[in-house]
Structures are given as C-alpha cells and as structure tokens.
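Colleague: sequence first, then the predicted structure, then my questions.
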Amino acid sequence: MRGPALSSLALSAAEEGGFQPPTISETHLPEIFPWMAPWGTGFGKNMLMVILAVLLIWWLFSFAIRKQALVPSRGQFLAEGAYGFVRNTIGRDILGDKHFKPWIPLLFTVFFFVLFNNLFGAIPFLQMPTFSHAGPAYAMAAIIWITWVVLGFKLHGGKFMKLMTVPSGVPKPLLVILTPLEFLSNFVIRPLTHSLRLMAVMLAGHIIVMLCGSGAEFLITQQEGVANTGLGIAILLGSIPLYFLELIMMVLQAFVFALLTAIYIQGSIEADAH
Amino acid sequence: MISTALIQAADYEDANPLVPNLWEAAVAGIGFVVLLFIVIKVIAPKFEQSYQNRVEAIEGGINQAEEAKAEAAALKSQYEQQLADSRAEASKLREEARAEAAQIVSEAQEKAASEASRIREQAHAQIEADRAAAAAQLKADVGTLATQLASKVVGEALEDDARSQRVVDRFLADLDAEQQTQGAAQ
C-alpha cells in the first residue's frame, strides 16, 4: 500500500520539477574560508562551532565565578550548580569519594563541550550540532578511549589487558569464545558506540529539522492548492514539539556521553574489583 | 522512480555519514584539549576554591556560634552563682542585723531597768535619810517642847533636868511602842 503511494508522490513531485529531499551532504555546509581546500577541506561552520563552544564555555564560567563570592550572585549560583552537577552527580557518584577529585575537570569539559556543541543545533542561525558530523564525535571518543586505556595500564600494568578481556568465574572452555568477545566489546565496539550514539542522535535531529524546513517550504511556496499549504503548515506546527524533543535529546546525549566517560574511567580505576 | 532520488543522493561522494572529515575531527579534538587545559588551569580550581571557602566560612561560623554559646552559658552560670551568693549574703546580713537589733533592744531594756532601779534605790535612800533626820529633829524638838509645856503646866517642879529627861524618854518610848502596835495592827 505504502510503496505505490510513496512512489506516486515522488513521481508527481519529480514531474513538477520538484521536491529534492535534503541529503546527508547538505549537513556539510559550504566552507566559510575555502583557502584550506587544497589540504583536504576548508574552514567550515562545524569548526566555527567548536571554537565558539570553547570560547563560550571559557567566558561563561570564568565570568560567573570571577568574584568567588561566599554569597553567590544568581549567575555564580547557576554556574556553581552546573559545576556541582558534573562534580557530584557524574563524578562523585560514579567514581567514588576516593578517586573523583582529579577527574572533575575532564568530566566537566566533556559534559559542557558536548552540551554546548549539541545546543548549537537548537539555536536559530547557528543550527549546527557539531557532533552530527562523525569526525568530532570520533575525536571525542578517541580522546576518552585513550584516556581510560592509558589509565588502566598505568594503574594495573600488563594485568589490565587480562582484567579487561578475561571474565572471572567463567569455565575455561568458554573463555575461548568469551575472551575475543570481551576484547572486541571493550576495546573496539565501546569507542564506536560511544561516538556513534552521540553522532547518530544529533544527525537524526539535524535531518529532521532540515526535512521539516525544506518540506514545508516546498509544500507552501511551490505547490498549488489549500491542501498542500495546510499540510506544510501542519508540518511546521509539528516541528515545534520535535524541537523540544530535540532539546531534551541534546541535553540527554551530553549527559550520557559524560556519564559513560565516568563509567569507563571508573572501570579502569577498579578493573581488579570485578 | 523513487529509486532515482536515492541514487541521486548516493551520487554525492561524501554522503556516508560514518566517514569523518579528518580536519573537523582535528579541530574538535584540539578544541576539546584546549578547553580541558583552560578548565584544569582556571575554571575548576576557582570553583573548588570557592566551594572550599564557603565550607570553611560555614564551619567557621558554626564554630564561632558554638564558642559564643559556650561563653554565654559560662557567663550565665557565673551570674547565677553571683546572684545566689549575693542572696545568701543579703539574708545573712539581714539575720545579723535582726540579731543585733534584738541585742540592742535587750541591752537597752536591761540598761533602762537597771537605771530605773538605781534611781529608785537612790530615792529610797534619800527618803530614808530625810525621814531619819526629820525623826531625830522631831524627837529633839518634841522633847524640848513637851518639857517646856509641862514645866509651864506644873511650874518649877520639873527643873531637875535629869528627871525630866527620863520622863520625856519614857513618854517617847511609850509613844513609839504605841505607834508600833498601831502599825502592827494595821
């Protein structure tokens, strides 16, 4: 039922010179400064967003805490609340009272870097979640992967590899199957899921925004008839709850990313405990 | 026909979202490391320090309040002690004063009584002496007067001094005796 209907829609659209659905490539916007192009790429919006996020986080938190008042102003209170959330909920609750102190800056940076870059996708004109591109997501996951692997070897030496790949309390014949599986799951799949989870959610949100926008525009401006215009308006209205859903996903993904970072580090610190 | 659109989409060489743009990855990685450095050096220490300061301020405040409370309690007990002392002191003083007053009163009473008895004694003695003097005087006068009267009555017969003297004495003795019996009868 759906196939013919869909194809007829596409057919009619194509016949009228029509609707081109936005493609993945359109998430890669034209470069702002193309002079770097001979070396592989230009300076794109994505890079601009990264730099903006760094400056924004730096300025916001430095500005909020500049007075270090004992009785905080509203800004300082909010910033301290945000800092305290990462410090206590992600840091202390996962890593434990003994170990969490040195990891606060890393967790703080991970959470807010991802959060700000995600939220850029919800801000008009910026409208670009940095991590909807695979590159930045891979880079973040790689940094965290390297961190926990290096930490693990530093704390446990060569035994770390055994701790991570050989589950304890398993009958020996099963280890033949389980050890490669554990190795794959911990050292290969883990960083991939860590990055792709973030990238896929952000990309999906970004594509929905593009699809809603271009679809509504096409229906309202380039199609005749009340029904098409009404459908376009309905799509625009429908995109409003989707926008808020996206906001939730952006915050949630930043939280999940930072939480997983904390869990991986905790796994390295206490690799011998389980 | 829909497949043409898909084919069109697939024609873009970088359409695979899983293939990273390495430059973007590098920029994100470097941006993250720079931000991490800033957080480690500037932001996190400030937040931690601010938090620490607040903890110290609150704990200091609590300690100060406890000290003040202890001090107040000490002062209060001191005041209560002083109050009790002064109350005891006052009641002691009152007791002493009462005893002293009683003593003074009794002393005064004694003194007054002794003074009164002394005065009374003196008066008695004075009266006795006066009476005795008067009696002696009277005795002599009465004798002389009686003798004179009797000599006038009986003439010269009683010129003899010795005799008359005896008579007078006898008379007076009788008088005395009479007086005494009268006194006894009374």
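Modeller: It's in. For clarity, every value in this text was computed on a predicted model and none was experimentally measured. Residues are numbered from 1 along each chain as shown, chains lettered A, B, ... in the order given.
Colleague: for A:Ile90, list the residues it contacts.
Modeller: By CB atoms under 8 Å, 6 or more residues apart in numbering or on different chains, the contact set of A:Ile90 is A:Leu107, A:Phe111, A:Phe255, A:Ala258, A:Leu259, A:Ala262. All C-beta spots, glycine's among them, are computed from the backbone N, C-alpha and C.
Colleague: let's see it at 7 Å
Modeller: Contacts for A:Ile90 (CB atoms under 7 Å, 6 or more residues apart in numbering or on different chains) come out as A:Leu107, A:Phe111, A:Ala258, A:Leu259, A:Ala262.
Colleague: ranges for the helices of the stretch 1-150 of chain A?
Modeller: In the stretch 1-150 of chain A, the helices defined using DSSP state H, counting those that start in this stretch lie at A:2-15, A:45-65, A:74-84, A:93-95, A:104-119, A:134-156.
Colleague: thinking again about what came up before, can you pick the most crowded of the contacts of A:Ile90?
Modeller: A:Ala258 (26 neighbours; other CB atoms under 10 Å in any protein chain shown).
Colleague: B:Glu96: how many residues sit nearby?
Modeller: Residues lying near B:Glu96 (other CB under 10 Å) number 10.
Colleague: what's the separation between it and chain A?
Modeller: B:Glu96 sits 61 Å away from chain A, going by CB to the nearest CB, to the nearest Å.
Colleague: now for the helix or strand hosting B:Glu110, which elements pack on it?
Modeller: For B:Glu110, the element it lies in under DSSP states H and E is helix B:44-154. Packing partners of helix B:44-154 (3 or more CB pairs under 7 Å, 6 or more residues apart in numbering or on different chains; DSSP states H and E): helix A:45-65, helix A:104-119, helix B:161-185.
Colleague: single out the most deeply packed of these.
Modeller: Comparing the helices and strands packed on helix B:44-154 on average neighbours per residue, with mean count of other CB atoms under 10 Å in any protein chain shown, the densest one is helix A:104-119 at a mean of 25.
Colleague: quick one: it to chain centroid distance?
Modeller: Offset of helix A:104-119 from its chain centre (CA atoms, centre = their mean, to the nearest Å): 10 Å.
Colleague: got a list of contacts for stretch A:171-180?
Modeller: Applying CB under 7 Å, 6+ apart, the external contacts of stretch A:171-180 come out as A:Thr165, A:Val166, A:Pro167, A:Val170.
Colleague: CA atoms of it as PDB?
Modeller: What follows is stretch A:171-180 as a C-alpha-only set of coordinates in PDB (Å, rounded to 0.1, in the frame of the first residue of the first chain):
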ATOM      1  CA  PRO A 171      34.600 -22.100  33.000                       C
ATOM      2  CA  LYS A 172      37.800 -22.400  31.000                       C
ATOM      3  CA  PRO A 173      36.400 -23.800  27.700                       C
ATOM      4  CA  LEU A 174      34.100 -20.900  27.500                       C
ATOM      5  CA  LEU A 175      37.000 -18.400  27.700                       C
ATOM      6  CA  VAL A 176      38.000 -19.400  24.200                       C
ATOM      7  CA  ILE A 177      34.800 -17.700  23.000                       C
ATOM      8  CA  LEU A 178      34.400 -15.100  25.700                       C
ATOM      9  CA  THR A 179      37.900 -13.600  25.600                       C
ATOM     10  CA  PRO A 180      37.800 -12.400  22.000                       C
END
